[in-house]
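# Predicted model follows, preceded by the sequence.
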Amino acid sequence: MAPVIPGIGVSTFAIFTALGFVAFILIFVFALDRHHKVSIDELCKAIVIAFVSIGIGVGSAAMLDAIVHYIQRRQIALELSLIYPYPEVNVSFTMAGISWYGMLIGGLSSFAVIHKLFAKKLKLKLGTMQYLNLVALGMCLGHAFGRIGCFMGGCCYGGPTDSVFGVVYPDGAFIYRQCIQYGTDYCRGCLPVGTAVWPVQLFETAGLLLVFCFMLFAPKFGLLPKKLKSSIANNRIFIYLIGYSILRFLLEFLRGDNRGGIHELSPGQFISIIVFSITISLWVLTWFLSKRKIVRAVELRGLAAREGLIRDRSK
């Protein structure tokens, strides 16, 4: 656990975040070239759309993080106002970090919208869902690298534990510097130096790698029925969103960093419920529309066959 590489002064969080972006692009490009055999022209256009979406995603990630922490500071100020007449709490709206859910929602939605608007104009061969399924693979692997960066930097840390899985960060680490004193003696999320915490970031990395391997290798697994393999390959985006929302909801119970909350739920759990619900609804809607399309095609084929038969008899 080293927030900064000794002798170089480069943030390990920044390094693993960069590796995550590289992993995303490599998986995205490899899948387009290997499995879909798109032209160089379409490949370049898809990469441009991906970079634009990443930029929008980073912006929305910073915005969501700022909103969450602004609400948190307002809650703290309200609580302290009941104890101290003039609580010393900064409740200004500032952008100082990023939230993965902001990246996920902003990046995916912007990619889908850009593709829908410009697919015909750019003469892109693959449909929106086909691209999003490839994006899901890249995002899942890139996200895993990013969480390793969180672990190295000490952010998004777990709560105190006596378990054998507990890790102790070095003196001066980010998680111990979060012992910020409000007012006179009111302390929020205080962790004394040397406290062992759950390595939540590594648990999340392991979970993401499992989801990634499932999405990548399950469609090639010989023992699975052909229909199921096809369904997994064609719905990777839904599998990623559902898998991650469940993983994040559960791991939030082990988180130790204070980000406020909505009733008994953390912001991450609240957003996980929303993402899970919307994804399930979209998956069911997509399945229903595809079934209707198949039924309609069969009906039209039958109608055309009957009309041809009637014409033959009239002759």
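Everything's here; your move. Numbering: from 1, shown residues only.
# got the buried residues for stretch 208-221?
Leu208, Val211, Phe212, Phe214, Met215, Leu216, Ala218, Pro219 (16 or more other Cβ atoms under 10 Å). Glycine gets a C-beta too; all of them are placed from N, C-alpha and C.
# To clarify, my last question referred to stretch 8-27.
Buried-residue list, stretch 8-27, by 16+ other Cβ under 10 Å: 11-13, 15-17, 19-21, 23-25, 27.
# Pull the most distant pair out of those residues.
Largest separation among the buried residues of stretch 8-27 by Cβ to Cβ: Ser11 and Ile27, giving 23.9 Å.
# how close does the closest residue to Arg248 other than its chain neighbours get to Leu104?
For Arg248, ignoring the flanking residues on the chain, the nearest one in space by Cβ to Cβ, 6 or more residues apart in numbering is Ser272 at 4.9 Å. Using Cβ to Cβ, to the nearest Å, one gets 11 Å for the distance from Ser272 to Leu104.
# Now do the shared contacts for the two.
Counting by Cβ atoms under 8 Å, 6 or more residues apart in numbering, no residue touches both Ser272 and Leu104.
# re earlier: counting only helices, which of the buried residues of stretch 208-221 make the cut?
Leu208, Val211, Phe212, Phe214, Met215, Leu216 (DSSP state H).
# With respect to Cys155, which of those residues is nearest?
For those, the nearest to Cys155 is Leu208 (16.7 Å; Cβ to Cβ).
# which residues does that closest one contact?
Contacts of Leu208 (Cβ under 8 Å, 6+ apart): Cys140, Leu141, His143, Ala144, Arg147, Tyr244, Leu247.
# hang on, isn't Gln212 packed against Gly142?
Wrong residue type there; residue 212 is Phe, not Gln. No: counting by Cβ atoms under 8 Å, Phe212 does not reach Gly142; the two are 9.7 Å apart.
# Switch the buried residues of stretch 208-221 over to TSV; also include distance to Ser290 and pLDDT.
Shown next, in TSV, are the buried residues of stretch 208-221 (distance: Cβ to Cβ, whole Å; pLDDT from 0 to 100):
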residue	distance to Ser290	pLDDT
Leu208	28	96
Val211	23	95
Phe212	25	95
Phe214	22	92
Met215	20	91
Leu216	23	89
Ala218	20	86
Pro219	18	83
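# Can you give me the distance of Gly146 to Gln269?
According to Cβ to Cβ, Gly146 stands 20 Å off from Gln269.
# When those two are compared, which one has more neighbours?
Gly146 (27 against 20; other Cβ atoms under 10 Å).
# doesn't that one fall inside a helix?
Yes: assessed by DSSP: H, G, I helix; E, B strand; the rest coil, Gly146 belongs to a helix.
# what about the nearest residue to Phe16 once chain neighbours are set aside, neighbour count?
Leaving aside its sequence neighbours, Phe16 sits nearest to Gly149 (Cβ to Cβ, 6+ apart; 3.0 Å). If you count neighbours by other Cβ under 10 Å, Gly149 ends up with 23.
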